[in-house]
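Asks: Fold the stuff below for me.
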Amino acid sequence: MNERQDRQERWDRRMEAPLAVASLLFLLGYAVRVLANGLDQVWLDLCLAVTLIAWTVFIVDYAVRFRLSRLGPLRFVRAHLLGTVIMVLPLLRPLQMVKIYDRIQRRRDQPRLSLYARVMAYSSITVALLGFAGALAVLQHERGAPGATIRTFGDSLWWAAETLTTVGYGDVTPVTPTGRVIAVGMMACGVALIGAVTGSFSSWLIQSFTREDEKRPPGGSPGAS
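Replies: Sure thing, here's the model as predicted:
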């Protein structure tokens, strides 16, 4: 490992806890601002300050990683696509916790979870965080809109579950432009996550059947005389 990689590794370890805390605080502050409309303005302003501070932590981390990488802007963006998207799109900032979990797993010589188990774990965490954040974002823009069918947090959670699973009953749908943009993004994520889980499960089944065939003695296949 050269000096540049060593500095990057030290920075990764140093920022794991602050990034995890910032991600949780961002989600908490955002949730309170959306769900607790009856709070005094001072508390709402405090929640806004918390989300902005968390965003600042993401920006500082991104800037330091860019400087340590010594890459051009375009190459750095391609190499750190998730971090770039998290910094730009508020809806996806809680997914920073998934990135941290992945970084911890990759540092282990022998991860505790197998490849297929990690895919399932990452997908489950992503679905939970994305569904919750998406429900909050849609509720924020939809409630009070003329003709809106998403008026409560329960409505938005139900809509998020429909969207991420690509079921789409149509009983509750976004009517605002921002809500529909969020819906398109969640549809794309839902299709990608279902594809990843289905592909991983199919691959696991094929490998399991292959190992069973390899262990079976010659002439021991079903139907052999």
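
Asks: quick one: buried residues of stretch 15-32?
Replies: 15, 19-20, 22-23, 25-27, 29-32 (16 or more other C-beta atoms under 10 Å). C-betas here are computed from N, CA, C, even on glycine.

Asks: Please list the members of these that lie in helices.
Replies: By the criterion of DSSP state H, membership of the buried residues of stretch 15-32 in helices covers 15, 19-20, 22-23, 25-27, 29-32.

Asks: All the strands of the protein, residue numbers only.
Replies: Shown for the chain, no strands are assigned by DSSP state E.

Asks: Mind picking out the helix or strand in it with the poorest mean pLDDT?
Replies: helix 96-106 (a mean of 63; mean pLDDT, DSSP states H and E).

Asks: Can you list the low-confidence ranges for the protein?
Replies: Residue ranges of the chain with pLDDT under 70: 1, 90-91, 93-119, 213, 216-225.

Asks: Tell me where the longest helix sits in it.
Replies: Longest helix in the chain, counting by DSSP H: helix 177-215.

Asks: Could you export the buried residues of stretch 15-32 as a markdown table, including distance to residue 156?
Replies: What follows is the buried residues of stretch 15-32, written out as a markdown table (distance: C-beta to C-beta, whole Å):
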| residue | distance to residue 156 |
| --- | --- |
| 15 | 32 |
| 19 | 27 |
| 20 | 25 |
| 22 | 24 |
| 23 | 21 |
| 25 | 21 |
| 26 | 18 |
| 27 | 15 |
| 29 | 18 |
| 30 | 13 |
| 31 | 12 |
| 32 | 15 |
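
Asks: Identify the farthest-apart pair in the residues you listed.
Replies: Greatest spatial distance in these: 15 and 32, 25.0 Å, computed using C-beta to C-beta.

Asks: from the middle of its chain, how far away would stretch 152-160 be?
Replies: 19 Å (C-alpha atoms, centre = their mean, to the nearest Å).

Asks: And the contacts of that stretch?
Replies: 35, 131-132, 134-136, 138-139, 142-143, 149-150, 172-174, 186 (C-beta atoms under 8 Å, 6 or more residues apart in numbering).
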